[in-house]
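A.B. asks: Here is a sequence together with a model predicted from it:
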Amino acid sequence: MSDTPRTSLDALKAQGELVKKFYDDKIARLERELAALRADAERYRWLRDKHEWYDCYLTNTMNTKFDGKYATLDAAIDEAMRDAQKQEEK
């Protein structure tokens, strides 16, 4: 048996280990990001479901009236985000 096939096999194994590490790291990063996004979503849903909180907050803090103009809190937040983005672009 020559050294060439063994060396090629070792190189292939090493390359496979590098690829595995790359994807393991990427998966771990995406899992952390997913966990953070889930936590944000849970906080948002909790706040959204507290009707007495958002009526007051949107009216007084964000200067956005929740007076029937918005079908949902989501729409009010979307508009507030668009307004904030427009202000940042100026």
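C.D. replies: That came through fine. From a predicted model like this one, the values you see are computed outputs, not experimental measurements. Numbers count the residues shown, from 1 in each chain.
A.B. asks: so after the helix-or-strand element of the chain with minimal mean pLDDT, what's the next helix or strand?
C.D. replies: Within the chain, no helix or strand scores below helix 51-60, which has a mean of 54 by mean pLDDT, DSSP states H and E. The C-terminal neighbour of helix 51-60 among helices and strands, as given by DSSP states H and E, is helix 73-89.
A.B. asks: Report all helices and strands that the helix or strand harbouring Lys21 contacts.
C.D. replies: For Lys21, the host element (DSSP H and E) is helix 3-48. Here helix 3-48 is seen to pack against helix 51-60 when contacts are counted using 3 or more C-beta pairs under 8 Å, 6 or more residues apart in numbering; DSSP states H and E. All C-beta spots, glycine's among them, are computed from the backbone N, C-alpha and C.
A.B. asks: And Asp49, how far from Met81?
C.D. replies: Asp49 is 19 Å from Met81, where distance means C-beta to C-beta, to the nearest Å.
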